[in-house]
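# Give me coordinates for this.
(one chain, ligands or ions: 1)
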Amino acid sequence: MLKGKTAVVTGGSRGIGKAICLKFAENGADIAFLYAGNTAAAEETLKELESLGVKAKAYQCNVSDADAAAEVLREITKDFGGIQILVNNAGITKDKLVPMMKAADFDAVIDTNLKGTFYMIKGVYPLFLKQKSGKIINISSVSGLNGNAGQANYSASKAGVVGLTKSVAKELASRGICCNAIAPGFIATDMTETFTGNDALKDAIPMKRFGTPEDVAKLALFLASDESDYITGEVIRIDGGMAM
Ligand code: NAP
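Residues are numbered from 1 along each chain as shown. All right, here's what the predicted structure looks like:
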């Protein structure tokens, strides 16, 4: 499905990003993934990708640093000869009710989740324009659609990702470039490990289970493939019905 394509996945070393890398690699894509600092996890993911017989490389890069994001995309273009798919998945939380939320925690979440996504899109924009094709997939969240108590910073960043997605989709639609967002609900990863034992939370999900990274990866594969060529500016919830 993705043979001959190179995908860049931010936050590809763990959780949802890792599942996306593996799913894309199983479908023939070469993979360049970014991670923040957990080198052991990145090395493990790299081994798993290489065992699938595709070209893969890990890059330590903080997406909230505009210069570093631009530089890593130049490096990946040189290493892989091009980029056809960008998945903006790197994200963090720093949850607190507003009175306890420090300005620095608000900034850190916006810097990684929203500005990081912008910097990466800015980096591939001229490449995608030149090749008149490309797929951009941004990972938002149901928190960005509905809001969530204790997540003012995170919800704002993920709502921002929705606006960014639609604006970029409008800028690039006539050039055959698609930009869509995925809004997951509760997905069992390191990010949500403190919640996944909570049966009341699970009961509030119509499908009565937390999602898996693999659930999200299957949707990302669809949005990265030719099967979704006439879909752009869309935000697709994947949440077991939670935000209905
Ligand atoms: P995770 O397990 O905590 O993994 C986060 C990944 O992002 C790691 O690979 C991490 O690298 C990387 N990362 C963090 N900050 C970065 C930075 N500044 N620059 C580059 N990479 C960075 O998270 P997850 O649960 O898989 O979530 C992935 C995405 O889905 C996030 O955008 C999250 O907001 C979104 N999401 C998750 C859920 C959920 O329930 N899990 C729900 C809705 C949306 P290191 O390993 O080096 O730290």
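# what sits against residue 209?
The contact partners of residue 209, by C-beta atoms under 8 Å, 6 or more residues apart in numbering, come to 202, 240. All C-beta spots, glycine's among them, are computed from the backbone N, C-alpha and C.
# helix/strand/coil for it?
Look at residue 209: counting by DSSP: H, G, I helix; E, B strand; the rest coil, its state is coil.
# Kindly list the main-chain dihedrals of it?
Note on residue 209: its backbone torsions stand at phi -150, psi 150 [degrees, to the nearest 10].
# what's the answer for the one 10 residues further on, then?
Backbone dihedrals for residue 219, given as degrees, to the nearest 10, come out at phi -70, psi -40.
# any idea of the pLDDT on it?
Note on residue 219: pLDDT of 99.
# what's the answer for residue 198, then?
According to the prediction, residue 198 has pLDDT 88.
# One more: residue 165?
You'll see residue 165 listed with a pLDDT of 99.
# So the residue nearest to it when sequence neighbours are not counted, which state does it fall into?
Spatial nearest neighbour of residue 165, excluding adjacent residues (C-beta to C-beta, 6 or more residues apart in numbering): residue 181 at 4.2 Å. Under three-state DSSP, residue 181 falls in the strand class.
# so how far is residue 75 from residue 181?
To residue 75, residue 181 is 26 Å away according to C-beta to C-beta, to the nearest Å.
# neighbour count winner among these two?
More crowded of residue 181 and residue 75, by other C-beta atoms under 10 Å: residue 181, with 28 against 14.
# Report the beta-bridge partner residues of the more buried one.
Beta bridges link residue 181 to residue 138, residue 235, judged by DSSP bridges.
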